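S.K.: Structure, please.
(2 chains)
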There are 2 protein chains.
Amino acid sequence: MAFELTQDYLDLLIDAIETHDDDFLRQAMDELYPADMAALLYEFPTDEYAQYIIAILDEETAAQVINNLAPNWREDFLKAFSTETIAQFISYLDSDDAADILNEQPTRTKEEVLALLEDREKARYIIDLLHYEEDTAGGLMAKELVKANIKWTVTQTVDEIRRQAEKVEKVNSVYVVDDNNVLRGRVSLKKIVLSRVSTKVADIYEDDVVSVDSHQSAEEVADIMQRYDLESVPVVNVNGRLLGRITIDDIVDVITEQAEQDRQAMTGLSGGIEEDDTVWASVKARLPWQIIGMAGGLLAAWLTDMIGKPVLGAVGALAYFMTLIAGTGGNVGVQSSSVILQSLASPSVVEQSVIRRLLKVFSIGMLNGALLSMVLFLVIYGATRDLKLSIVVSISILAVVLLASFMGTVTPLVLDRFGVNPAVASGPFITTANDLLGLTVYFFTAKLLYSL
Amino acid sequence: MAFELTQDYLDLLIDAIETHDDDFLRQAMDELYPADMAALLYEFPTDEYAQYIIAILDEETAAQVINNLAPNWREDFLKAFSTETIAQFISYLDSDDAADILNEQPTRTKEEVLALLEDREKARYIIDLLHYEEDTAGGLMAKELVKANIKWTVTQTVDEIRRQAEKVEKVNSVYVVDDNNVLRGRVSLKKIVLSRVSTKVADIYEDDVVSVDSHQSAEEVADIMQRYDLESVPVVNVNGRLLGRITIDDIVDVITEQAEQDRQAMTGLSGGIEEDDTVWASVKARLPWQIIGMAGGLLAAWLTDMIGKPVLGAVGALAYFMTLIAGTGGNVGVQSSSVILQSLASPSVVEQSVIRRLLKVFSIGMLNGALLSMVLFLVIYGATRDLKLSIVVSISILAVVLLASFMGTVTPLVLDRFGVNPAVASGPFITTANDLLGLTVYFFTAKLLYSL
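M.R.: From the prediction side, this is the model:
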């Protein structure tokens, strides 16, 4: 079912644009969903082609396509359109999407579009939404929803649905409020369909509805909607008054973005890089972490010179195992931090005590290190018949595994406490730190055992 | 809003279970959602406590709690209940959840439970679902849905909704089929609420509904639902006949699991490890990749002995930069593969040619490598005043960055082509391979430039 485009078809479309074959284009677009058209627009050689396509679409479809564009691209793309046209597009969108698009635009465009909107209720909705932080429940919610007073009957509620029908595209639930607009519960559309028209809302509504506060973070909202399998969640203010609702499709985007950010943090890429970015943008996203990695490498060289020199001078073979020691430190640290990351992402309901956590990490590290250490001893002794060397390397590995397990556990917890994305703890910075730690332990162990 | 439990409260509950204070327990559970109760059950010292809680709940709530348990835990947990009781639980669940739970059980339990189900239609539904692969649209779908014949009126449709109301918990759309059960489209509940009872379904249904085939993979379904912002999607067979529907909450789980698996693959953990697993399970999940990493380290040692020995013997300082070279290779490789991973996860609609891709990777690698190489030259020359050493290390870095960019790009593409999760390309295996590659390049460059 998913739409896929061939280069040949794209060439056909480009031809049609150049020869102004609008009939062909309209027919082609008629077979696509707005999300597919949006994906298609990126592929044209210049923005003018994409703008040509937007211009031949009916306004509502054009609005949906624009709504599906990637924000950073859309910001520039819309510059080709007059504020009047942008206002037309906005008038077809829900308040949350409208607010997102306007937030990308310069203040002047934003204000002109808001002034031009014929639907004043929508304009008020959008202005209201512009106040909320982007990554909070308030920033995610739409103002469009259907609500019913708890004193109403089903007939009155159906009338309200009819009144709102054009404005609220997807209706799953009707939210129930009291005279002060305080959220009391919800009624499903299914129940409304199946109830007699004279039934009171008060008799059929569910009162144990899950809601979120407007200041809660997007991640918290995602966690709650996921935990309770919700399709939409009402947003309330501190007094329990109903402000808006968040639908699951917006939350799916939050979850995907979160995963993407975590991965980028783990692999040491900065700032939302994508494959089709320019060469220079790609280099810029990669360099910072590579430089940190290199600085780590230089520090390792300095460390070797300072602490390692006498040991390496005395026992040249020790140099052979530097990569192994540093690498194992890095690997173990990343694994430990990954486990902690996961438990930070879906926290257990009971807070684990830090001491219990660390004791467990220590046991895992001991067992892990002991096993690796034994294997290593046998392999190295088997290959070199050098007992002292085998002992030095295998004891170092045990120490390195223990230390790296500890660092890998503590670092994400500390970062999280200070509000830094703990996923960076699986990234090059921590890997490099663990590399260095490993080498230091190695050289000191060697010094000690060789009595240098 | 999210539920959090203190150790004190848990102790209270444990006390209440030990003194059989069922009233207190029922009251406490009354304040929780099933998802929270499920999370709570993990925290009791033994399964018997958890089973006690399940036993005092009404059957429907108990069924929901069991539905929310983690599959690996649930499998054992249910052993304490008779097949009659399990059949009771199952009778309250949707066919997709019921099939998942039964699939975890031994064949004998599965068959007994199916035989005991009073609702024969549900039993047929479940048996039907057991045939599908877990990670396909068929394995995700529920059989419960409301459908209307295209010839019906709104009244007939509402009657059908009433008939199905008990069985289908969440109704957003009514699917429209013809006499052969071929999917023709959908009608939203909103439209049904707002239409006259004599209206024909044929006059109000939307015919451009997105559907998925039963054999499509869970990831494809997730991609489609996300792209088109769907709350539910109908599943059809090859002849277009309506088989079931998938709701977004199941897809959110797929997306989250996918992200989790990718992260585990990237950090070298095998098999869904979690922080509260036993020490031994944790060690088992970590060891395989640590051993691979160690094998890599030993290979590095061997490599150093075979190729590096003469160089290191002649210029001892070369040993100092082994960690830097190996580390940079690893870092660059992981970054490149991460960018490719991302574009594999959300593919562009136009297939990029492999040659264009590689040319770009080459440009990025060149620019990146040249910059790092220059910085490195300046730092090392500044510190050592050794021109030859500075040249050897900085030329090696350029070569390593180029090679690692190339490997990091090609490996995930090749793995993906062969159906292996490409996320492992950011994992320890590839990092280790890049480490070794880096060292080899380093030693050969040194050999060449020192004419050894």
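
S.K.: Residue A:55 - how many residues pack around it?
M.R.: Counted by other CB atoms under 10 Å in any protein chain shown, the residues lying close to residue A:55 total 12. (Glycine included, C-beta is placed from N, CA and C.)

S.K.: Likewise for residue A:439?
M.R.: Counted with other CB under 10 Å, the neighbours of residue A:439 add up to 23.

S.K.: isn't it right next to residue A:327, touching?
M.R.: No: the pair residue A:439 and residue A:327 does not pass the contact test of CB atoms under 8 Å, sitting 10.7 Å apart.

S.K.: ok, and the closest non-adjacent residue to residue A:180?
M.R.: With CB to CB, 6 or more residues apart in numbering or on different chains as the criterion, residue A:180 has its nearest non-adjacent residue at 6.9 Å, and that residue is residue A:241.

S.K.: thinking the one you found is in contact with residue A:181, fair?
M.R.: Yes: the pair residue A:241 and residue A:181 passes the contact test of CB under 8 Å, sitting 4.8 Å apart.

S.K.: Could you grab the helix/strand/coil label for residue A:420?
M.R.: Residue A:420 falls in the coil class when you classify it by DSSP: H, G, I helix; E, B strand; the rest coil.

S.K.: which helices and strands sit right next to the one helix or strand residue A:90 maps to?
M.R.: Residue A:90 belongs to helix A:83-91 when elements are defined using DSSP states H and E. Using 3 or more CB pairs under 8 Å, 6 or more residues apart in numbering or on different chains; DSSP states H and E, the elements in contact with helix A:83-91 are helix A:59-68, helix A:95-104, helix A:107-116, helix A:120-129.

S.K.: and among those helices, the most buried is which?
M.R.: Compared across those, helix A:95-104 shows the largest average neighbour count, a mean of 21 (mean count of other CB atoms under 10 Å in any protein chain shown).

S.K.: Between helix A:107-116 and that helix, find me the angle.
M.R.: 140 degrees (axes from the mean of the first three to the mean of the last three CA atoms, to 10 degrees).

S.K.: what distance separates helix A:95-104 from the middle of the whole chain?
M.R.: Using CA atoms, centre = their mean, to the nearest Å, the mean C-alpha position of helix A:95-104 is found 19 Å from that of the whole chain.

S.K.: Repeat that for stretch A:233-249.
M.R.: 21 Å.

S.K.: how about low-confidence regions in chain A?
M.R.: Regions of chain A meeting the criterion pLDDT under 70 cover residues A:1-4, A:268-276, A:345-353, A:424-426, A:452.

S.K.: run the last query once more with 80
M.R.: Along chain A, the parts satisfying pLDDT under 80 run over A:1-7, A:165-166, A:169-170, A:172, A:260-282, A:285-286, A:288-289, A:338-358, A:419-431, A:451-452.

S.K.: Geometric centre of it: which residue is closest?
M.R.: Geometric centre of chain A, nearest residue: residue A:258, 1.7 Å, by CA atoms, centre = their mean.

S.K.: who touches that residue in this structure?
M.R.: When contacts are counted by CB atoms under 8 Å, 6 or more residues apart in numbering or on different chains, residue A:258 touches A:219, A:222.

S.K.: would you list every one of the strands in chain A?
M.R.: Using DSSP state E, the strands of chain A run over A:147-149, A:173-177, A:183-188, A:212-213, A:232-236, A:242-247.

S.K.: Would you reformat those as a markdown table and include distance to residue B:403 and mean neighbour count?
M.R.: Converted to a markdown table, these look like this (distance: least, CB to CB, whole Å; neighbours: other CB atoms under 10 Å in any protein chain shown):
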| stretch | distance to residue B:403 | mean neighbour count |
| --- | --- | --- |
| strand A:147-149 | 62 | 20 |
| strand A:173-177 | 57 | 24 |
| strand A:183-188 | 59 | 21 |
| strand A:212-213 | 49 | 21 |
| strand A:232-236 | 50 | 24 |
| strand A:242-247 | 47 | 24 |
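
S.K.: Thanks again, I'm all set now.
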